[in-house]
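Asks: 3D, please:
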Amino acid sequence: DNMNKEKENMEMELVEPKEKKHRKKSKKTIIIIIVIVAILLLLIAIGKMISSVSKGMQEAMGNMASQNEDIFQVVKQDVEQEITTSGTVVGVSKEAYTSPVTAKVEDIKVEIGQTVSKGDVLLTYDASELGDNLTKVKIQAQSERAAGNESYEAANKAADKVSEAKKRIKTLKKEINDIKKKIASLTKKVEEYEEKMEAARNTDAVKDNGDDSVDVTEEAGGQGLSDADSKAYKKAASDLQKQNEKLAAKQEELAQQESIVAANEDVTVSDSAKAQISASNQLSDMNIDDAQESLDAAEAGITAAADGIVESIDVVKGAYANETQTLMTIINADSIGVEFSISKDDLGSITTGQRARVVIAGNEYEGRIDYVSRVAVSDMTMTGNNTSGTIKGRILIDNPDDNIYIGVSAKAYIFVGKSEQALVIPYEALNTDIDGDFVYVVNKENLIERKDVTIGIYSDEYYEVIDGIDEGDKVIAKVTKDMKPGDVYVGAAGVTAE
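Replies: This is a model prediction of the structure:
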């Protein structure tokens, strides 16, 4: 047993150094972790301390500020002056749509207050009556034109007759003249033969008295002419008779042609009749064009010329709209503004072209003044008395959108002017007496000192000081009636300005 115990003791001695080494490493790691945690906790504590100190300093500074809130140190900053007023949203540019025709209104496609786009159909007509009217006008024009054409046709026929008759007369006269020449020639020839026959008869008479020296042979029908002369005589006499008959016929025809000329020469269309027919035809054409235009306009209906808002409708479905009658009025969607009023005291601060902004139902829009009335309007008070006149103006909105509604109220801010990096004082610091505007400042000796100032533009909080003070001056913002130049300044909290 003793030997076994000694052996176990020896084994334990051999193992112990390894376990101790392991335990030493483990302890070292724990220590490092503890140190890191301690450092982190320390840093957190320091951060909280710094934060607390900072907060305390801020509170202390706030307390100091509250103690000196009656003092305003003059600084430079931008000042922008605006006139604030209220107004009403209105349509600036409006278009009255009038009826191009007299026709029955078939349907109205829009309602008051509705937004319309360019090209939208606003109103339609019943065009059936205008179609019937066009047909009637065309028939009437055709009838009037036919009457005028009949007059021209009659005159043209008469003129043609006269022209043909005159041509025939000219030909007949030439033919008659030729016939007369032939008759004259034949007459002379016949007379020559008759003279021969007379001479032959005289010879026969001598023979009968016993004179046998003349030997004349009488041919049957020749009356003492030779056979050749007898035939020539007979032919000349026959030709003469035919020519006389021909002459008579030609002269009769000539008389007829001259009668035709006499009967038709005066059948013409006078200049006044021509002018009347021409005017009638032009009037008929115009009536047809007008009727066609009216029909086309009625069939097209009324469409929106631009985007806009329907302000009013002055006709009802089923009624007859007369030509030029106002059908509806549409506000141009791109021309919307705000009408406002200002007092006469602000009149010198506004002019056309001036920039402005308006707030409508929480939405802000840029614009500019496009109109200022030259006539003041008197407002009536609750007691019935007239107040001093106000001036009406209007702001044209640059980019109106669908969130703007006509007739709603709006807030208007009119830009008057801006000064960059100007010396400023708060409203309450400015004082006024018979000598003008002034402020009280606290000098280095903590004494109250008066400084006369010249005021420029102003914002909602500050006046611009053009002259009279310097940057860094300590201006008394809250002046009491007991303060006067030369007194030691003691604020409302009982502290000095230092």
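Asks: which residues of this protein score low on pLDDT?
Replies: 1-28, 45, 47-69, 204-224, 269-270, 379-388, 491-498 (pLDDT under 70).
Asks: show me the contacts for the residue nearest to the spatial centre of the chain.
Replies: Centroid-nearest residue in the chain: Ala305, 7.6 Å away (criterion: CA atoms, centre = their mean). Neighbouring residues of Ala305 by CB atoms under 8 Å, 6 or more residues apart in numbering: 95, 118. C-betas here are computed from N, CA, C, even on glycine.
Asks: helix/strand/coil for it?
Replies: Here Ala305 is recorded as coil under DSSP: H, G, I helix; E, B strand; the rest coil.
Asks: and it, how far is that from Ala232?
Replies: Noted for Ala305: a distance of 104 Å to Ala232, by CB to CB, to the nearest Å.
Asks: quick one: the helices in the stretch 1-150 of the chain?
Replies: Using DSSP state H, counting those that start in this stretch, the helices of the stretch 1-150 of the chain run over residues 2-67, 128-208.
Asks: only the buried residues of the next helix or strand after the last one, if you could.
Replies: Under the assignment DSSP states H and E, the closest C-terminal helix or strand after helix 128-208 is helix 227-264. By 16 or more other CB atoms under 10 Å, the buried positions in helix 227-264 come out as 229-230, 232-233, 236-237, 239-240, 243-244, 247, 250, 253-254, 257, 260-261, 264.
Asks: how near is Gln114 to Leu225?
Replies: Computed as CB to CB, the Gln114 to Leu225 distance reads 124 Å.
Asks: ok, these two, which is more surrounded?
Replies: Between Gln114 and Leu225, counting by other CB atoms under 10 Å, Leu225 is the more crowded of the two (23 against 14).
Asks: pretty sure the more buried one sits against Ala199.
Replies: No: with contact defined as CB atoms under 8 Å, Leu225 does not count as touching Ala199 (9.9 Å).
Asks: next one: stretch 294-303 to chain centre, how far?
Replies: 19 Å (CA atoms, centre = their mean, to the nearest Å).
Asks: can you list contacts of it?
Replies: By CB under 8 Å, 6+ apart, stretch 294-303 touches 97, 99-103, 119-127, 130-131, 133-134, 327-328.
Asks: in PyMOL, how would I select the buried members of these?
Replies: For the buried members of the contacts of stretch 294-303, the matching PyMOL selection, counting by 16+ other CB under 10 Å, is:
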select buried, resi 97+99+100+101+102+103+122+123+124+125+127+130+133+134+327+328
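Asks: name the residues that touch stretch 78-88?
Replies: By CB under 8 Å, 6+ apart, the surrounding residues in contact with stretch 78-88 are 338-342, 346, 349-350, 358, 395, 407-422, 424, 456-459, 462-464.
Asks: among the residues you listed, which lie within strands?
Replies: Among the contacts of stretch 78-88, the residues falling in strands (DSSP state E) are 338-342, 358, 395, 409-422, 424, 456-458, 462-464.
Asks: how close does Gln142 sit to Asn149?
Replies: 10 Å.
Asks: next: Ala279.
Replies: 15 Å.
Asks: repeat for Tyr458
Replies: 88 Å.
Asks: now Val267
Replies: Using CB to CB, Val267 is found at 16 Å from Asn149.
Asks: for Ile469, same thing?
Replies: In terms of CB to CB, Ile469 sits 101 Å off from Asn149.
Asks: quick one: which of the two has more around it?
Replies: Ile469 (21 against 13).
Asks: help me confirm that that one comes into contact with Tyr463.
Replies: No: the criterion here is CB under 8 Å, and Ile469 misses it with Tyr463 at 10.8 Å.
Asks: now do the shared contacts for the two.
Replies: Joint contacts of Ile469 and Tyr463 (CB under 8 Å, 6+ apart) are Ile425.
Asks: what comes up buried for stretch 278-292?
Replies: For stretch 278-292, a neighbour-count test (16+ other CB under 10 Å) marks 284, 287-288, 291 as buried.
Asks: repeat for stretch 196-206
Replies: 196-197, 200, 203.
Asks: off-centre distance for it?
Replies: 118 Å.
Asks: also stretch 93-100?
Replies: Chain-centre distance of stretch 93-100: 11 Å, with CA atoms, centre = their mean.
Asks: ok, stretch 474-481 next?
Replies: Chain-centre distance of stretch 474-481: 61 Å, with CA atoms, centre = their mean.
Asks: kindly export it (C-alpha atoms) in PDB.
Replies: C-alpha atoms of stretch 474-481 as PDB (Å, rounded to 0.1, in the frame of the first residue of the first chain):
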ATOM      1  CA  LYS A 474     -25.800  97.000 -28.700                       C
ATOM      2  CA  VAL A 475     -29.300  98.200 -29.400                       C
ATOM      3  CA  ILE A 476     -31.900  98.300 -26.600                       C
ATOM      4  CA  ALA A 477     -34.800  96.200 -28.000                       C
ATOM      5  CA  LYS A 478     -37.200  97.000 -25.200                       C
ATOM      6  CA  VAL A 479     -37.200 100.600 -24.300                       C
ATOM      7  CA  THR A 480     -39.100 101.800 -21.300                       C
ATOM      8  CA  LYS A 481     -40.400 105.200 -20.600                       C
END
